[in-house]
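Enquirer: Got a predicted structure here, sequence first:
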Amino acid sequence: IDQRIDGKGESGREVLKRAVHTLESLGKVALSSSPLHGQSILAVSHSTYIRVLLSLAENVSLVESFSSSWKIDNGSVSIIDINTDG
């Protein structure tokens, strides 16, 4: 998780930290009185990062996500519906 491919880019741990920060930020927007409250948010990313985000949101390990029925390709659409009512 701490290795970088060819010594470049982000390590798996750095990707996880960024994904957690992203989900926390989007959750705060969804719960805030921001003009974006109740609005749809579009995020575009690579399939691996989307898999990390979905794994965190669903509390599923990355290993499990690859063996699940999730099909996440680059260019695919994934929808996360955040329940702001609790």
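Expert: It's in.
Enquirer: how close does residue 39 get to residue 31?
Expert: As defined by CB to CB, to the nearest Å, residue 39 lies at a distance of 13 Å from residue 31. Every C-beta, even on glycine, is put in place using the N, C-alpha and C of the backbone.
Enquirer: How about the contacts made by the residue nearest to the spatial centre of the chain?
Expert: Geometric centre of the chain, nearest residue: residue 53, 1.8 Å, by CA atoms, centre = their mean. Counting by CB atoms under 8 Å, 6 or more residues apart in numbering, residue 53 makes contact with 19, 22, 23, 45, 80.
Enquirer: And those residues, which of them are buried?
Expert: Buried by 16 or more other CB atoms under 10 Å: 19, 22, 23, out of the contacts of residue 53.
Enquirer: tell me which element the second one falls in.
Expert: Under the assignment given by DSSP states H and E, the secondary-structure element containing residue 22 is helix 12-31.
Enquirer: Let's test this: mean pLDDT of the next helix or strand after that helix, rounded?
Expert: Per DSSP H and E, the first helix or strand lying C-terminal to helix 12-31 is helix 47-58. Helix 47-58 carries an average pLDDT of 80.
Enquirer: hang on, the earlier thing: what packs against the helix holding residue 22?
Expert: helix 47-58 (3 or more CB pairs under 8 Å, 6 or more residues apart in numbering; DSSP states H and E).
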